[in-house]
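**Q** structure here, sequence nowhere to be found:
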């Protein structure tokens, strides 16, 4: 209905003109007067058509803008417009478009924040529909499942995770609304916990599967089990030897002074081994907990290396192993505890001598390396298998079971933790049957002159 004054006046005028024309025709008015009235009626009709055209044009403009907004162009606005009700319609349309743009922007920002949070999760999140087709996957699936999100979306879930238990749990979630959790093992000793929950009110999304990486947890559990087993074994061996000595002496061997002396020396060696193991365990514990008090001073690395080598030279000569030492000229100093650092170097050299056969050689090098100092102890001994090499710095870990004679299995662990306590790191390389190379890298002290090499 036309509510503007102009439209109402136009309608009233047309009605009155039509009535006047009828009156004139019925009362026999002159032809000229009839023509005037007809002309006035034509003018009124033209004005009416013009008004209708204006309304239709405005409707087309609004319809076009509406289509643009429906296509996602939320910034579209209507410019100008009449000052009557059509202009008011333009204004209300622009107000509606602005509000819609604001709501869509807020929803888009909320979705972006939600996606950013989900993609920042270290857990892989996968959603499926009622046909078990993947409908969503976050960024973590790339690392945990080895497939890009866009690669698995739209594919059956079984293609992503072909595990019978998980597939059954997904079916139970979809059909009966059950929640379930499974621990699965994947290639390369990767352990994942799969938590499956139904999605209530999720539309096309039926179930959610969250994969949590348990690999480090399982590794720590294995290390703990190995630690307990190895501690038990390492304690049992010397204690059994000491008990055997005592039983032998009690059975009459004590009557022979020479035999008694030999047995007591054997027991003394086992006690020394126990004491060493306890001391190294305590030292490891103090280093890991930060309770070990270290003197922070400038340490001459070359002197520490030479001192450690000289302490073990008699042992090397007794084993028939050559021991050589090379320290670079102008070797930087490091800031740390000299006693701890020298003990770590002693452990490396002792380890090399122990597993190098008669006639072999151990070489100790100290040289600048980038912003620090690298100490390398290499040998041409029995070497370590490649699968054992990553674990040689773990406490009580002994790569070759044939090498279990002697030692506590804690020396390399002490080396690793000592290096890390000084801001450094350790490295190891080895070829089975060709020898090994163990390295300690320590950061150089800033603004301290280098020391001359030996």
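**A** Here it is on my side, so go on. Please read these numbers as outputs of a predicted model, since none were measured by experiment.
**Q** drop to CA atoms for contacts and neighbour counts, all remaining ones
**A** Noted.
**Q** residue boundaries of the helices in the chain?
**A** In the chain, the segments counted as helices under DSSP state H are 5-27, 31-70, 85-120, 141-145, 149-152, 157-160, 164-176, 215-250, 257-289, 301-319, 338-354, 411-421.
**Q** buried ones in stretch 201-217, by neighbour count?
**A** Neighbour counts using 16 or more other Cα atoms under 10 Å place 205, 206, 207, 208, 209, 210, 211, 212, 213, 214, 215 of stretch 201-217 among the buried residues.
**Q** and the helices of the chain as CSV, adding distance to residue 364?
**A** What follows is those, written out as CSV (distance: least, Cα to Cα, whole Å):
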stretch, distance to residue 364
helix 5-27, 106
helix 31-70, 76
helix 85-120, 46
helix 141-145, 40
helix 149-152, 50
helix 157-160, 51
helix 164-176, 54
helix 215-250, 29
helix 257-289, 23
helix 301-319, 8
helix 338-354, 8
helix 411-421, 15
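**Q** which one, of these, ends up nearest to residue 195?
**A** helix 164-176 (8.8 Å; Cα to Cα).
**Q** list of residues touching that closest one?
**A** Residues from elsewhere that reach helix 164-176 (Cα atoms under 8 Å, 6 or more residues apart in numbering): 130, 132, 158, 161, 178-182, 194, 196-198, 206-207.
**Q** so which of these are in strands?
**A** 180, 181, 182, 194, 196, 197, 198, 207 (DSSP state E).
**Q** what's the closest of those to residue 278?
**A** Taking Cα to Cα as the measure, residue 278 lies nearest residue 182 of the ones in strands among the contacts of helix 164-176, at 40.1 Å.
**Q** list the contacts for the residue nearest to residue 307 when sequence neighbours are not counted?
**A** Excluding its sequence neighbours, the residue lying closest to residue 307 (Cα to Cα, 6 or more residues apart in numbering) is residue 342, at 7.7 Å. Residues in contact with residue 342 (Cα under 8 Å, 6+ apart) are 304, 305, 307, 308.
**Q** so how far is residue 88 from the residue positioned nearest the centre of the chain?
**A** For the chain, the residue nearest the mean C-alpha position is residue 122 (5.3 Å; Cα atoms, centre = their mean). Residue 122 sits 53 Å away from residue 88, taking Cα to Cα, to the nearest Å as the criterion.
**Q** what is the burial count for the nearest residue to residue 137 once chain neighbours are set aside?
**A** The spatially closest residue to residue 137, leaving aside those adjacent along the chain, is residue 126, at 4.5 Å (Cα to Cα, 6+ apart). Residue 126 has 24 neighbouring residues, counting by other Cα atoms under 10 Å.
**Q** wait, doesn't residue 126 sit right on residue 134?
**A** Yes - the criterion here is Cα atoms under 8 Å, and residue 126 meets it with residue 134 at 6.9 Å.
**Q** quick one, phi psi at residue 205?
**A** phi -80, psi 130 (degrees, to the nearest 10).
**Q** which residues touch residue 77?
**A** Listed by Cα under 8 Å, 6+ apart, the contact set of residue 77 reads 65, 93, 94, 97.
**Q** please repeat the previous calculation with a cut-off of 10 Å.
**A** 62, 65-66, 68-69, 90-91, 93-98 (Cα atoms under 10 Å, 6 or more residues apart in numbering).
**Q** that older thread, report the buried members of the contacts of residue 342.
**A** 304, 305, 308.
**Q** any idea how far residue 70 is from residue 101?
**A** For residue 70, the distance to residue 101 - Cα to Cα - is 11 Å.
**Q** between these two, who's got more neighbours?
**A** Applying other Cα under 10 Å to residue 70 and residue 101 shows that residue 101 carries more neighbours, namely 18 against 10.
**Q** burial count for the nearest residue to the more buried one once chain neighbours are set aside?
**A** In this structure, residue 101 finds its nearest non-sequential neighbour in residue 74, 5.2 Å apart by Cα to Cα, 6+ apart. Residue 74: 19 surrounding residues under other Cα under 10 Å.
**Q** same check, this time on residue 179
**A** With other Cα under 10 Å as criterion, residue 179 counts 16.
**Q** just give the nearest non-adjacent residue to it, would you?
**A** Nearest to residue 179 is residue 197, by Cα to Cα, 6+ apart, at 4.7 Å.
**Q** how about low-confidence regions in the stretch 301-450 of the chain?
**A** For the stretch 301-450 of the chain, the stretches with pLDDT under 70 are 395-409, 447-450.
**Q** does the closest residue to residue 416 other than its chain neighbours have beta-bridge partners, and which?
**A** Spatially, and ignoring its direct neighbours in sequence, residue 416 is nearest to residue 426 (5.9 Å; Cα to Cα, 6+ apart). Beta-bridge pairing of residue 426 under DSSP bridges involves residue 440.
**Q** burial count for residue 426?
**A** Counted by other Cα under 10 Å, the residues lying close to residue 426 total 20.
**Q** from what I can see residue 227 touches residue 281, true?
**A** No - Residue 227 is not in contact with residue 281 according to Cα atoms under 10 Å; the separation is 11.3 Å.
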